[in-house]
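>>> Next input, structure requested:
(4 chains)
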Protein chains: 2
Amino acid sequence: MKYTNQRVAILDFLKDNFNHPTVEEIFETVKQKLPRITKATVYKNLKILVANGLIKEVNIKGVSRFEAKMEPHHHIICTSCGKILDFKSKELIDYALKMIENQTEIIIDSAETTFFGRCEICE
Amino acid sequence: MKYTNQRVAILDFLKDNFNHPTVEEIFETVKQKLPRITKATVYKNLKILVANGLIKEVNIKGVSRFEAKMEPHHHIICTSCGKILDFKSKELIDYALKMIENQTEIIIDSAETTFFGRCEICE
DNA sequence: GTACGTGCAAATGATTTGCGTTAAG
DNA sequence: CTTAACGCAAATCATTTGCACGTAC
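All right, here's what the predicted structure looks like:
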C-alpha cells in the first residue's frame, strides 16, 4: 500500500477525530487540504485502510462510520443528541467471550457492542 | 395501523423465519403469496412495523435485516458461512449494564451485541 | 520506469417519494 | 364513508466501476 497524500490526510484526520465521522464528514474535511480529492477516492481509500487494519469501520443505525482507535471497545450512543462515546472494558469483553464459550461450540474472534441511552448532558 | 394483507404476510413470514432475512428476501417470499406487492410497499411496511415495536431491525455488515423475536438477545455471525445465530443471555446483558452504570453517568436503554466467529460446522 | 492510485463521469443498487387508486375498519 | 395503505414510476442517495492520467517508490 502506497502512502499517498490523500491516504495520509484521511489517516491523520481519523487519528485526531474521536467523533466516528461518516464518509461525508471525512470527505469534507480532507477536501480542505486537498481540494481536488473526490468522494470516490475517499471510498476507495477507506476500504483499503480498513483491509490493512489501520482503521475500523462501525455501522451505526445503518450509517458507516470510521475510527482509528484499534483496541477493542464498545460504543454508547445517546439517542437524544446522537453523540457516540467510546467505552472500554476488558472485563466486559472477557465476560462475554467466556459466556459464549461455555454455552456454545462457537469460536469467537471479535465482538461489537453498541449501547443506546441518554448521555449525562441529555438525560 | 391497519392490518393489511401485505403487512400480515410480512409479519407472518418474519415470525416463522429465524434467519434474519434482508428486505430482498422478505420481498421475494411475500411476493409468492401476494404477486402484486412491490418492494416500495415492503420498505414502507418494515419501517412501520419497526416503529410499532412489532419487529426489530438489525444492521449486520452494512446490510439491514429484520426479525420478529423481540426479547433482547445477541447475534453471532459465522465469518465463514455467513450464518447468523441468536444468543440469549440475561446474565450477559445485566453484566454489561451494571458495568456501564458503575463507570459512567449514562442511562442505558438497550444494547446490541454482534459477535464474529466460526460456527461448529465451519470451524 | 512501473505499478498503484487518482480524478472524473457514468453505472449500479438501495431506499424514498409523489400520486392516483384501492381496501381496511 | 373515510383515511391509511397500495402499486407504480420516478427521484434520490450512497457506493462502485472503468479508464486515461499522475505520482510514490
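>>> so what are the domain limits for chain A?
The record's domain parsing of chain A by automatic domain parsing lists A:5-67, A:74-117.
>>> For DNA strand D, find the nearest of these.
For DNA strand D, the closest of the domains of chain A is domain A:5-67, at 3.4 Å, according to Cβ to the nearest atom of the strand. (C-beta placed from N, C-alpha, C; glycine too.)
>>> Work out the gap between that closest one and the centre of the chain.
Domain A:5-67 has its C-alpha centroid displaced from the chain centroid by 10 Å (Cα atoms, centre = their mean, to the nearest Å).
>>> Regarding that domain, how distant is the last residue from the first?
One end of domain A:5-67 to the other measures 19 Å (Cα to Cα, to the nearest Å).
>>> returning to that earlier point: next, format the domains of chain A as CSV and append mean neighbour count, mean pLDDT and distance to DNA strand D.
As requested, the domains of chain A are exported to CSV (neighbours: other Cβ atoms under 10 Å in any protein chain shown; pLDDT from 0 to 100; distance: least, Cβ to the nearest atom of the strand, whole Å):
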stretch, mean neighbour count, mean pLDDT, distance to DNA strand D
domain A:5-67, 15, 96, 3
domain A:74-117, 16, 90, 15
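>>> Out of these, flag the one nearest B:Ile55.
Proximity to B:Ile55 (Cβ to Cβ) singles out domain A:5-67 among these, at 15.4 Å.
>>> so, in contact with chain B or not, that closest one?
Yes: if you take Cβ under 8 Å from any Cβ of the partner chain as the test, domain A:5-67 does meet chain B, through A:59, A:61-62, A:64.
>>> Let's have the domains of chain A in a markdown table, adding distance to B:Gln6.
What follows is those, written out as a markdown table (distance: least, Cβ to Cβ, whole Å):
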| stretch | distance to B:Gln6 |
| --- | --- |
| domain A:5-67 | 23 |
| domain A:74-117 | 30 |
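>>> Which one of the ones you listed lies nearest to DNA strand C?
Across the domains of chain A, closest to DNA strand C is domain A:5-67 (Cβ to the nearest atom of the strand), at 3.3 Å.
>>> Is any residue of that closest one near DNA strand C?
Yes: contact between domain A:5-67 and DNA strand C, assessed by Cβ under 7 Å from any atom of the strand, occurs at A:5-7, A:34, A:36-38, A:40-41, A:44-45, A:48, A:62.
>>> I'd like to know which of those residues are part of helices.
Among the residues of domain A:5-67 next to DNA strand C, DSSP state H puts A:5-7, A:40-41, A:44-45, A:48 in helices.
>>> thinking again about what came up before, may I ask which two of the residues of domain A:5-67 next to chain B are separated the most?
A:Lys61 and A:Ser64 (10.5 Å).
>>> Can I get the biggest strand by length in chain A as PDB, trimmed to CA atoms?
Secondary structure of chain A per DSSP state E: the longest strand is strand A:107-118. C-alpha atoms of strand A:107-118 as PDB (Å, rounded to 0.1, in the frame of the first residue of the first chain):
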ATOM      1  CA  ILE A 107     -15.100 -19.800  18.400                       C
ATOM      2  CA  ILE A 108     -15.400 -16.100  18.700                       C
ATOM      3  CA  ASP A 109     -12.800 -13.800  17.100                       C
ATOM      4  CA  SER A 110     -14.300 -10.400  17.900                       C
ATOM      5  CA  ALA A 111     -17.300  -8.700  19.300                       C
ATOM      6  CA  GLU A 112     -19.000  -5.400  18.600                       C
ATOM      7  CA  THR A 113     -21.400  -3.900  21.100                       C
ATOM      8  CA  THR A 114     -23.500  -0.800  20.800                       C
ATOM      9  CA  PHE A 115     -25.400   0.600  23.800                       C
ATOM     10  CA  PHE A 116     -28.300   3.000  23.400                       C
ATOM     11  CA  GLY A 117     -29.100   5.500  26.100                       C
ATOM     12  CA  ARG A 118     -29.000   9.100  27.100                       C
END
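>>> No further queries at this time; thank you.
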